[in-house]
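> kindly generate the corresponding structure for this input.
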Amino acid sequence: MITAEALVKSYGNKVAVDAINFTVRPGQVTGFLGPNGAGKSTTMRMIVGLDRPTSGSVHVNGRRYQDHRAPLREVGVLLDAKAAHKGRSAYKHLLAIGATHGIGASRVREVIGLAGLDSVAGKRVGGFSLGMGQRLGIATALLGDPATIILDEPVNGLDPEGVRWVRTLMRNLAAEGRTVLLSSHLMSEMAQTADRLIVIGRGRILADDSISNIIAGATRSVTRVRTPDTERLMATIAGPGVVVSVLADGAIEISGLTAEHVAVAASTAGVVLHEVASVSGSLEEAYIALTAGEVEYRSSHIAETGAHR
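Numbers count the residues shown, from 1 in each chain. A predicted model of the protein is given here:
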């Protein structure tokens, strides 16, 4: 478990993390989201003792990271996949790290196999692709068989098979009762992997809830309908709180009524429906809505129809 209480980190006049409180619980994958500069990396660095809080506290499994006698067995972390010694082989890199905690060759071979590195275990890390470096970083995080795992952008550079492997691995680790904190900018992947989300912006917590609750709270759900009798359907469902929009492709979006209510009303009025479906907002839409006013680095607008060459 990871617990932060009134956690603050300042660099001079710049407040990177602004008195945040959160708990990352075991048995689920918690996603950690936020724009660039939001304070995610600083928070993760404080969790594992790489940065010292200006005030407040953060504990992992009941203690500060630096107070654990064998931290590698408590917390596995991937913050920078390039941190490995480029002149060592993957096997020797893991063996050297394991030696600091009395972790032997058998466990090293085990995590090499788990990460799919068997064929390159004897090769120097400096020659690894970005994806293979990510696999080595994940293997390093798992080396001590820790109860808590923290991974920053773990699918960066991985091919589709590797992305699926990470997704399955994270969910399996959580199912074993471990605490999993996962940071990523890939909304589609987060939606498939995480159970809960912590969203941070400009150093403050913007949301801390299940994915479904965050989407429901930050987006709107509508009923989408296709019918050859648009005007009669609109007259049939008209009422307080019902808003109808006609889309460019001829479909109708209705807010204020469920798909079931629309179907029943249409049937009663004898209106033929070719399609009726509930359409919910996406995680990406919810994320953009939550962070719209919290983006520190904003790109200039580029029209979707083309850009200057």
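> list phi and psi for the spatially closest residue to His274 that is not a sequence neighbour.
Using C-beta to C-beta, 6 or more residues apart in numbering and skipping residues adjacent in sequence, the residue nearest His274 is Arg226, 4.3 Å away. The way it works is simple: take the backbone N, C-alpha and C, and place the C-beta from them, glycine included. Main-chain torsions, Arg226, degrees, to the nearest 10: phi -120, psi 130.
> just checking, Arg226 touches Ala277?
No. Using C-beta atoms under 8 Å, Arg226 is not in contact with Ala277, being 9.3 Å away.
> gap between the two ends of stretch 271-291?
The first and final residues of stretch 271-291 sit 41 Å from each other (C-alpha to C-alpha, to the nearest Å).
> tell me the mean pLDDT for that stretch?
For stretch 271-291, the mean pLDDT works out to 92.
> same thing with stretch 77-89?
88.
> that one: which residues count as buried?
For stretch 77-89, the buried set under the neighbour-count rule, 16 or more other C-beta atoms under 10 Å, comprises Val77, Leu78, Leu79, Ala81, Ala84, Ser89.
> rewinding a little: how many residues are close by the residue nearest to His274?
Number of residues near Arg226 (other C-beta atoms under 10 Å) recorded here: 16.
> and the gap between it and Gly239?
21 Å (C-beta to C-beta, to the nearest Å).
> also Asp67?
Taken as C-beta to C-beta, the span from Asp67 to Gly239 is 62 Å.
> cool, and Pro71?
Pro71 is 61 Å from Gly239, by C-beta to C-beta.
> settle it for me: which of these two has more neighbours?
Pro71 (22 against 9).
> test my guess that the more buried one contacts Asn61.
No. With contacts counted by C-beta under 8 Å, Pro71 stays clear of Asn61, the gap being 9.9 Å.
> okay, and Val111 sits in which element?
Assigned by DSSP states H and E, Val111 belongs to helix 105-114.
> please apply the same query to Ala216.
helix 211-218.
> what lies in contact with that helix?
By C-beta atoms under 8 Å, 6 or more residues apart in numbering, the residues outside helix 211-218 that reach it are 31, 190-191, 194-197, 199, 207, 209, 280-283, 285-287, 289-290.
> repeat that with 7 Å
Ala191, Ala194, Leu197, Ala207, Ser280, Gly281, Leu283, Ala286, Ala289, Leu290 (C-beta atoms under 7 Å, 6 or more residues apart in numbering).
> from those, which land in strands?
Leu197, Ala207 (DSSP state E).
> the contacts of helix 211-218, buried ones only, as a PyMOL selection?
Applied in PyMOL, the following selects the buried portion of these according to 16+ other C-beta under 10 Å:
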select buried, resi 191+194+197+207+281+283+286+289+290
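> want to throw the contacts of helix 211-218 into TSV with distance to Arg25?
Converted to TSV, the contacts of helix 211-218 look like this (distance: C-beta to C-beta, whole Å):
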residue	distance to Arg25
Ala191	20
Ala194	13
Leu197	13
Ala207	16
Ser280	25
Gly281	25
Leu283	20
Ala286	21
Ala289	26
Leu290	21
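> max pairwise distance over the contacts of helix 211-218: which two?
Ala194 and Ala289 (17.8 Å; C-beta to C-beta).
> what stretches of the stretch 101-250 of the chain score poorly on pLDDT?
Within the stretch 101-250 of the chain, no range satisfies pLDDT under 70.
> what ranges does the stretch 1-150 of the chain have for its helices?
40-47, 71-74, 90-99, 105-114, 130-142 (DSSP state H, counting those that start in this stretch).
> and the stretch 151-300 of the chain, by the same measure?
Using DSSP H, counting those that start in this stretch, helices in the stretch 151-300 of the chain cover 160-175, 187-193, 211-218, 230-237, 259-269, 283-291.
> now these in JSON lines, with distance to Ala6?
Formatted as JSON lines, the helices of the stretch 151-300 of the chain follow (distance: least, C-beta to C-beta, whole Å):
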{"stretch": "helix 160-175", "distance to Ala6": "27"}
{"stretch": "helix 187-193", "distance to Ala6": "27"}
{"stretch": "helix 211-218", "distance to Ala6": "23"}
{"stretch": "helix 230-237", "distance to Ala6": "50"}
{"stretch": "helix 259-269", "distance to Ala6": "45"}
{"stretch": "helix 283-291", "distance to Ala6": "22"}
